[in-house]
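1. model the structure of this input:
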Amino acid sequence: MILEKSPRGRVIVVGNEKGGSGKSTVAIHIAVALMKAGQSVATIDLDSRQRTFTRYVENRRAWAKHVARNLETPDHYCIEQKAGYPTADDEAAECRALAETVETLANNHGVVVIDTPGHNHYLVRLAHSMADTLITPLNDSFVDFDVLGAVDPETLSVASISHYSRIVEEARRQRQLDKRDTDWIVLRNRLSTLGSRNKRFVGQALEELSQKLDFRCVDGLAERVIFREFYPRGLTAVDDLDEATLGTRPTMSHVTARLEMENLLSAVSLGAAVANGEMFGHDRDAA
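-> As a prediction, this is how the structure comes out:
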């Protein structure tokens, strides 16, 4: 694996080997929120097959033109992966190209946000090795917990760590050799608003695993239809959701989604502007 020196800009990687965990939703919200805080942001989609992140950005550009509104949109790139069975030379060339792309973008932007596909791939492993911040969205169930580690069926305590966790461990080990660190954050998505045995047991297992793997566990997004409704128009919960931007009257669901995303971004600690509420156009203490 090629490991380049950390570029000037901050590299945020959103990664998880399971699909359907909300990676692209988290990635676009982080990108837009940071732009609203005054950061120059570039985004990279490594999933050239699904292209969910790329279509989200394309939808945002098209909707901004349709409603004649200025919607902050990052400089976006989709990295094509070689189909079939690449040779060692192919892999090396693609890794060099990705490393050079990230370095160039980071030298010209404050932040680079990379969305990764839900499978193991040499470009995904390289992206993890370049991450200053790694965000892993995780649906709140033992089915999805399995991407990080396995639990004992009787005690529900952590029995072992998973293949993906080992990939992250190796990426962090390589960075530490160069005196760099990766802040690993696990987001618990689809959290129930009510207490339950599953919620409690998964939380306990994540707490135990966080001690072994040194990650921070943060409450993510609840199961909200509104986040899925944003996608066709490329909107986010941190946009100015007035009637002109939405194309319809905002509802309490929009307000709730916005507050939920503010809390998530503040917990992830993406800078003082997030904590102060500056990117949302209001003072958090007055909200």
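2. on contacts alone, who are the packing partners of the helix or strand that contains R258?
-> Following DSSP states H and E, the helix or strand that holds R258 is helix 252-268. Under the contact criterion of 3 or more CB pairs under 8 Å, 6 or more residues apart in numbering; DSSP states H and E, helix 252-268 touches helix 23-36, strand 183-189, strand 216-219, helix 225-230, helix 272-276. C-beta coordinates here come from the backbone N, C-alpha and C atoms, glycine included.
3. the ones you listed into JSON lines, with extra columns for mean pLDDT, distance to R55 and mean neighbour count?
-> Conversion of the helices and strands packed on helix 252-268 to JSON lines gives the following (pLDDT from 0 to 100; distance: least, CB to CB, whole Å; neighbours: other CB atoms under 10 Å):
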{"stretch": "helix 23-36", "mean pLDDT": "93", "distance to R55": "9", "mean neighbour count": "26"}
{"stretch": "strand 183-189", "mean pLDDT": "91", "distance to R55": "20", "mean neighbour count": "22"}
{"stretch": "strand 216-219", "mean pLDDT": "89", "distance to R55": "27", "mean neighbour count": "16"}
{"stretch": "helix 225-230", "mean pLDDT": "88", "distance to R55": "13", "mean neighbour count": "16"}
{"stretch": "helix 272-276", "mean pLDDT": "41", "distance to R55": "26", "mean neighbour count": "16"}
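4. nearest to Q204 among those would be which one?
-> strand 216-219 (10.9 Å; CB to CB).
5. hey, C-alpha coordinates of that closest one in PDB?
-> Provided in PDB are the C-alpha atoms of strand 216-219 (Å, rounded to 0.1, in the frame of the first residue of the first chain):
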ATOM      1  CA  ARG A 216     -15.300   7.800  20.000                       C
ATOM      2  CA  CYS A 217     -18.900   6.800  19.800                       C
ATOM      3  CA  VAL A 218     -21.400   9.500  18.900                       C
ATOM      4  CA  ASP A 219     -25.200   9.400  18.500                       C
END
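6. let me have the helices and strands packed on helix 252-268 in a markdown table, extended by distance to D75.
-> Shown next, in a markdown table, are these (distance: least, CB to CB, whole Å):
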| stretch | distance to D75 |
| --- | --- |
| helix 23-36 | 10 |
| strand 183-189 | 24 |
| strand 216-219 | 27 |
| helix 225-230 | 21 |
| helix 272-276 | 20 |
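7. burial count for T73?
-> 18 (other CB atoms under 10 Å).
8. got the end-to-end distance for stretch 56-75?
-> 13 Å (CA to CA, to the nearest Å).
9. shift numbering so it begins at 563
-> OK, 563 is where the count begins now, so the last one is stretch 618-637.
10. and R687, which of the three is it?
-> Secondary structure, DSSP: H, G, I helix; E, B strand; the rest coil: R687 is helix.
11. that one contacts A733, doesn't it?
-> Yes. R687 is in contact with A733 according to CB atoms under 8 Å; the separation is 6.8 Å.
12. of those two, which one has the most company?
-> A733 (25 against 18).
13. need the CA coordinates for the helix or strand hosting that one. PDB is fine.
-> Under the criterion of DSSP H and E, A733 resides in helix 725-739. Output of helix 725-739 as PDB, limited to C-alpha atoms (Å, rounded to 0.1, in the frame of the first residue of the first chain):
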ATOM      1  CA  HIS A 725     -11.900  -7.600   9.400                       C
ATOM      2  CA  TYR A 726     -12.900  -3.900   8.900                       C
ATOM      3  CA  SER A 727     -11.600  -3.000  12.400                       C
ATOM      4  CA  ARG A 728      -8.300  -4.700  11.500                       C
ATOM      5  CA  ILE A 729      -8.100  -2.600   8.300                       C
ATOM      6  CA  VAL A 730      -8.600   0.600  10.400                       C
ATOM      7  CA  GLU A 731      -6.000  -0.600  12.900                       C
ATOM      8  CA  GLU A 732      -3.400  -1.200  10.200                       C
ATOM      9  CA  ALA A 733      -4.100   2.200   8.600                       C
ATOM     10  CA  ARG A 734      -3.700   3.900  12.000                       C
ATOM     11  CA  ARG A 735      -0.500   2.000  12.700                       C
ATOM     12  CA  GLN A 736       1.000   3.200   9.400                       C
ATOM     13  CA  ARG A 737       0.100   6.800  10.200                       C
ATOM     14  CA  GLN A 738       1.600   6.500  13.700                       C
ATOM     15  CA  LEU A 739       4.900   5.400  12.200                       C
END
